[in-house]
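Participant: model this:
(one chain, ligands or ions: 2)
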Amino acid sequence: MAQTNGLENAGTILLLGCGKMGSAMLDGWLKAGIPPGQVYVNDPYPSDWLKGLKNKGLTLNASIPANVDVCILAIKPQMMHDALPSLQALGNGSTVFLSIAAGTTLATLASLLGEKSPIVRAMPNTPAAVGCGITALIGNQHVSADILDKIEAFVAVVGDTVRLQNEGQMDAVTGVSGSGPAYVFHLIETLAAAGEKQGLNAELAMKLAKTTVWGAGQLAMKSDQTPADLRVGVTSPNGTTAAALEVLMNDHEGFPALLDKGVTAAVNRSIELGKNG
Ligand SMILES: NC(=O)C1=CN([C@@H]2O[C@H](COP(=O)(O)OP(=O)(O)OC[C@H]3O[C@@H](n4cnc5c(N)ncnc54)[C@H](O)[C@@H]3O)[C@@H](O)[C@H]2O)C=CC1
Ligand SMILES: O=C(O)[C@@H]1CCC=N1
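Facilitator: Numbering: from 1, shown residues only. Ligands and ions are numbered 1, 2, ... in the order given. As a prediction, this is how the structure comes out:
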């Protein structure tokens, strides 16, 4: 039997906002077999890649179609109040909305889109661009198990998925995995810079830093051992790693304290964005 990905009956799709996240997801849907003829995209600043998809049948910047099965909101949270009133005709309960905006709550989305609307809130991350994202999802009271399965299929084609128990978890998810890739990219930058300071040329230092983060990520995912055990496995008694970890694992000014402060700042900003919504 042919393999299915849950998107065979995706229906008519409207994507509002096709920047970094919107285009990563759109690319995933098209690669997963959604015909471009089923896809409408509205974005006032379309990329060349997006414009090129018009030749394949995608509809760009047309008026809102009368019947939309799934409408994906991939605009900035600050744009919701201006942009969503244009979608109110879709708020009769038959269109399912998927918002990936940080902070914007299900209640705010329902107030802007129509209280009958089935709305799923999700938090993906940019590794979705290479099919390695992780997206957390939660639906409002109008989202049935079947609808949630269907919407999950839209994000599952660009990576792993998790379902949340309650919307309150979304701020913490945003601080850990939504913003998380930036922390890891910064780790790569700073590891490479430290290598340069030790005399390596820039290209070599960056190759070592990138491949080390990639390899450690692969090992953490594939090994039966916990990350803590894997760390111990690198650390020879009285060796080089132990010397580094003595500095990095300092509770007050090392990784644990810094990352905790960073994640807390992201979570607080997510809560603030939600209140402003
Ligand atoms: N970048 C990231 O790592 C992640 C972003 N998000 C969320 O995804 C959403 C989009 O973020 P990015 O893709 O990073 O931003 P972006 O700035 O790359 O994309 C936003 C797009 O919206 C378009 N736009 C502006 N006004 C519009 C309107 N009225 N109608 C239609 N399109 C409009 C812009 O031209 C732009 O292409 C945000 O709500 C963000 O919180 C969620 C998870 C991760
Ligand atoms: O920085 C932001 O607000 C968005 C949400 C998560 C990642 N990027």
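
Participant: Residue of the stretch 151-277 of the chain nearest ligand 1, please.
Facilitator: Sorted by distance to ligand 1 under Cβ to the nearest ligand atom, the residues of the stretch 151-277 of the chain start with Gly178, at 4.5 Å. Quick note: C-beta positions are derived from backbone N, CA and C, even for glycine.

Participant: which residues sit against stretch 268-277?
Facilitator: By Cβ atoms under 8 Å, 6 or more residues apart in numbering, the list of residues contacting stretch 268-277 from outside reads 77-78, 80-81, 102-105, 108, 170-171, 174-175, 178.

Participant: thinking again about what came up before, burial count for the residue of the stretch 151-277 of the chain closest to ligand 1?
Facilitator: For Gly178, the number of neighbouring residues by other Cβ atoms under 10 Å comes to 25.

Participant: In contact with it, which residues are there?
Facilitator: Residues touching Gly178, when contacts are defined by Cβ under 8 Å, 6+ apart, comprise Ala102, Met123, Pro124, Asn125, Ala266, Ser270.

Participant: Can you tell me which of those residues are classed as buried?
Facilitator: Those of those that meet the buried threshold are Ala102, Met123, Pro124, Asn125, Ala266, Ser270, by 16 or more other Cβ atoms under 10 Å.

Participant: Could you count how many residues lie near Leu98?
Facilitator: 26.

Participant: how about the helix or strand hosting it as CSV, C-alpha atoms only?
Facilitator: Secondary-structure assignment from DSSP states H and E places Leu98 in strand 96-99. Output in CSV follows, covering the C-alpha atoms of strand 96-99 (Å, rounded to 0.1, in the frame of the first residue of the first chain):
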residue,chain,number,x,y,z
VAL,A,96,-9.5,25.5,10.4
PHE,A,97,-6.8,28.0,11.5
LEU,A,98,-3.3,27.2,12.4
SER,A,99,-1.3,30.0,14.0
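
Participant: any idea of the mean pLDDT in that strand?
Facilitator: Taken as a whole, strand 96-99 has a mean pLDDT of 98.

Participant: So it, near ligand 1 or not?
Facilitator: No: interface with ligand 1: strand 96-99 contributes nothing (Cβ under 6 Å from any ligand atom), its closest point being 7.7 Å away.

Participant: what lines up beside that strand in the sheet?
Facilitator: Each strand that pairs with strand 96-99, with its direction, by DSSP bridges: strand 70-73 (parallel), strand 119-123 (parallel).

Participant: Setting aside sequence neighbours, what's the nearest residue to Asn9?
Facilitator: Closest residue to Asn9 apart from its sequence neighbours, by Cβ to Cβ, 6 or more residues apart in numbering: Lys150 at 7.9 Å.

Participant: And the one you found, how far from ligand 1?
Facilitator: Relative to ligand 1, Lys150 is positioned 20 Å away (criterion: Cβ to the nearest ligand atom, to the nearest Å).

Participant: Val158 contacts Gly133, doesn't it?
Facilitator: Yes: using Cβ atoms under 8 Å as the test, Val158 is close enough to Gly133 to be in contact (5.0 Å).

Participant: quick one on the thing from earlier: quick one: the strands paired with strand 96-99 as a markdown table, columns for distance to ligand 1 too.
Facilitator: What follows is those, written out as a markdown table (distance: least, Cβ to the nearest ligand atom, whole Å):
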| stretch | distance to ligand 1 |
| --- | --- |
| strand 70-73 | 8 |
| strand 119-123 | 6 |
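
Participant: export those to TSV and tack on mean pLDDT and distance to ligand 2?
Facilitator: Supplementary listing: the strands paired with strand 96-99 in TSV, determined by pLDDT from 0 to 100; distance: least, Cβ to the nearest ligand atom, whole Å:
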stretch	mean pLDDT	distance to ligand 2
strand 70-73	98	13
strand 119-123	98	7
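
Participant: would JSON lines of those with distance to Pro44 be doable?
Facilitator: Formatted as JSON lines, the entries for the strands paired with strand 96-99 read as follows, by distance: least, Cβ to Cβ, whole Å:
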{"stretch": "strand 70-73", "distance to Pro44": "15"}
{"stretch": "strand 119-123", "distance to Pro44": "23"}
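
Participant: Return the subset of the contacts of Gly178 lying in helices.
Facilitator: By the criterion of DSSP state H, membership of the contacts of Gly178 in helices covers Ala266, Ser270.

Participant: contact partners of stretch 90-97?
Facilitator: With contact meaning Cβ under 8 Å, 6+ apart, stretch 90-97 is reached by 14, 64, 67-73, 109, 113-114, 116-120, 142-143, 147, 150-151.
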